[in-house]
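S.K.: Generate coordinates for the sequence data below:
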Amino acid sequence: MTEQDVAEVLREVRLALLEADVNYKVVKDFVARVKERAVGVEVMENLNPGQQVVKVVFDELMKLLGTAVAPLNLEGASPHAVMLVGLQGAGKTTTAGKLALHLKKRGRKPLLVAADVYRPAAVKQLQVLGGQIDVPVFSLPAGANPVQIARESYMAAVTGRHDLLIVDTAGRLHINEELMGELQGIRSALNPQEILLVLNAMTGQDAVNVAEGFNGRLDLTGFILTQLDSDARGGAALSLRAVTDRPIKFAGVGEKLDAFEPFHPDRLAGRILGMGDVLGLIEKAEEALDIKKAQQLEERLRQNRFDFEDYLSQLEEMKKMGPLDQVLSMIPGLGNKADALKGAQVDEKQVARQEAIIRSMTLQERRNPEILNGSRRRRIAAGSGTTVQDVNRLINQFQQMRTMIRKFGEMEKGQVRQAKGKKGRGPLRLPFR
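M.R.: Predicted structure coming up:
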């Protein structure tokens, strides 16, 4: 590849990284490394020069972010301690609850420690979260020192046979000497295996300053990024790793307590470049979709028996995957298209309307849409709080879908007949396979 080939693509890459809120110094160094590696490289036979540069960029992103999930270091004698630190408002308390649930599901017996004595109701918030996930919370009466809380929580963990302490500390600026000194006191009292900086994925350019400030005083072992389900494309992650050489271990991907997962560097690399997160989408589908129901639906489709009962079931399955804007953001090419995602927000309401209309039908009407005459449609509209036009629109869409499904079925049968008549041509790929 010539220098001109590389320069043309790197302009786009530089813009993509800056739009993803990667620190400008990190972008400058990263682009220089890519340029040095790419110029003079032989172009692979099935790629053009631009695609070859993107491949080099992706490889360099993976080298920087790490190639595998970074697990927690919980070696040695228990109880282990995980200390969560960060700015005020970064979501540490909620993250403590999410981490406790995540580890509890994996056989751990965690104890949450309420060491934030400054924010009003912080202790109560952690107790509520602990109650929701059935994890006990250790706290001391008002006026207790956070270092004392940490020290006594360790003894409580030993007594209660907990193998893990998750310490929720108070949010603070990294330039506040007194409070940073307090964190160092908690570290000395517990000697934690993990000190994780909780950082909002939308922090942007300032992520580097925050990470350097905390890392310089506490020697961080890693990061947890919150709100990675937001519009942010995750550039903060690249900045953090480049500056501190510490891994990102977990990501918060929603408001619910189970919306928490190990951080996958390869997926974020694709997201930063606007390539989507197909693996994440597949995992969401596998978690949400009922395989048995899917097989039953496939059989009904083959027999051309698809009705409004099946349609309603599919709407419910789709809702389990989460908001449509999150699902669409994982699809390559749609992650950075704001207009497309704004449209998805409208579709959420449309799905709710369709669900209300179908639920207002009788069982007989759902299974036999052909009987939906004018009077029935008026009754359904009144019962669902929609208009007759909304009902007509849904029925028309449904009929078009059934027609399309019927054509697929006929196509499949034709291909099967054709395959039976021709020997020695190998297996035939069918539309539903």
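
S.K.: show me the contacts for the residue lying closest to Thr221 once chain neighbours are set aside.
M.R.: Counting by Cβ to Cβ, 6 or more residues apart in numbering, Thr221 lies nearest to Glu194, which is 4.9 Å off, once chain neighbours are set aside. C-beta: built from backbone N, CA, C; applies to glycine. Contacts here follow Cβ atoms under 8 Å, 6 or more residues apart in numbering; on that basis Glu194 touches Leu72, Asn73, Leu74, His80, Ala81, Val82, Met83, Thr221, Gly222, Lys249.

S.K.: Which phi and psi values does Glu194 adopt?
M.R.: In terms of degrees, to the nearest 10, the main-chain angles of Glu194 are phi -130, psi 130.

S.K.: one step back: which of the contacts of Glu194 count as buried?
M.R.: The neighbour-count test (16 or more other Cβ atoms under 10 Å) applied to those identifies Leu72, Leu74, His80, Ala81, Val82, Met83, Thr221, Gly222, Lys249 as buried.

S.K.: And the fifth one, how far from Lys249?
M.R.: Right, the one you point to is Val82. Distance from Val82 to Lys249, counting by Cβ to Cβ, to the nearest Å: 10 Å.

S.K.: Over to the third one?
M.R.: Here His80 is placed at a distance of 14 Å from Lys249 (Cβ to Cβ).

S.K.: What is the burial count for Leu87?
M.R.: By other Cβ atoms under 10 Å, the residues close to Leu87 number 20.

S.K.: For it, give me its contacts.
M.R.: Residues near Leu87 by Cβ under 8 Å, 6+ apart: Gly171, Arg172, Leu173, His174, Leu199, Val210.

S.K.: Sheet-wise, list the partners of whichever strand or helix holds the fifth one with their directions.
M.R.: Following DSSP states H and E, the helix or strand that holds Leu199 is strand 194-200. For strand 194-200, the pairing partners within the sheet under DSSP bridges are strand 80-86 (parallel), strand 222-226 (parallel).

S.K.: Please pull up the helix or strand immediately following that strand.
M.R.: Using DSSP H and E, the helix or strand that directly follows strand 194-200 along the chain is helix 207-218.

S.K.: ok, the most centrally placed residue in the chain - contacts?
M.R.: By Cα atoms, centre = their mean, the chain has its centre lying nearest to Val253, at 3.9 Å. By Cβ under 8 Å, 6+ apart, Val253 lies in contact with Leu228, Asp229, Ala259, Phe260, Glu261, Gln326.

S.K.: now Phe30
M.R.: With contact taken as Cβ under 8 Å, 6+ apart, Phe30 is in contact with Leu17, Val22, Glu60, Leu64, Leu238, Ala242.

S.K.: Let's see that with 10 Å instead.
M.R.: By Cβ atoms under 10 Å, 6 or more residues apart in numbering, the residues touching Phe30 are Leu10, Val13, Arg14, Leu17, Val22, Asn23, Val57, Glu60, Leu61, Leu64, Leu238, Ala242.

S.K.: From those residues, pick the one nearest Gly89.
M.R.: Lowest distance from Gly89 to the contacts of Phe30 (Cβ to Cβ) belongs to Asn23, with 20.7 Å.

S.K.: Just give the closest residue to the closest one, not the sequence neighbours.
M.R.: Nearest residue to Asn23 in three dimensions, chain neighbours excluded: Ser239, at 4.1 Å (Cβ to Cβ, 6+ apart).

S.K.: and after the one helix or strand the one you found maps to, which helix or strand comes next?
M.R.: Under the criterion DSSP H and E, the helix or strand holding Ser239 is helix 235-244. Going down the chain from helix 235-244, the next helix or strand is strand 248-252, by DSSP H and E.
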